[in-house]
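Engineer: Need coordinates for the below:
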Amino acid sequence: MDAQQLAHFKTRLLELQAQFQGEIGRLEQATAVINEDASYGVSNHMADDATDIYEREKNLALIEDRQELLDQITAALERVEAGTYGICLKTGKPIPIERLEVLPYAALSVEAQNH
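Structural biologist: Down below sits the predicted model:
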């Protein structure tokens, strides 16, 4: 991978990192509002309570998912700095550029991931 390609992927990773950090922040804020409303007894109906519980659980699952992706992005950025970005962690072979275009934080080649 040449320096221009590496810079391209680093930029993409940094953009994704900012995007997921923003999403996590918004989800945490929305969850805090739901928790605050519930603690003040804003909803008086069982259906409203059920909706609040559903929304809170959905937000927490989305936060967990985004955090996992953020961790993978951080690891990819560390590989960029270490000079090992684009190399499969299992096989040691280059990950095809096409895969990195689709999944810039990929740590494994398709072959390695399928095994």
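
Engineer: those helices in the chain, which residues are they?
Structural biologist: Using DSSP state H, the helices of the chain run over 3-39, 46-82, 97-102, 110-114.

Engineer: for these, which one sits closest to Leu89?
Structural biologist: In terms of C-beta to C-beta, the element of the helices of the chain nearest to Leu89 is helix 110-114, at 7.6 Å. All C-beta atoms are positioned from the backbone trio N, CA, C, and that covers glycine.

Engineer: Using CSV, lay out the helices of the chain together with mean neighbour count, distance to Leu89 and mean pLDDT.
Structural biologist: Putting the helices of the chain into CSV (neighbours: other C-beta atoms under 10 Å; distance: least, C-beta to C-beta, whole Å; pLDDT from 0 to 100) gives the following:
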stretch, mean neighbour count, distance to Leu89, mean pLDDT
helix 3-39, 14, 16, 91
helix 46-82, 14, 9, 91
helix 97-102, 14, 13, 96
helix 110-114, 13, 8, 93
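
Engineer: So which of these is nearest Cys88?
Structural biologist: Taking these one by one with C-beta to C-beta, helix 110-114 is closest: 5.2 Å.
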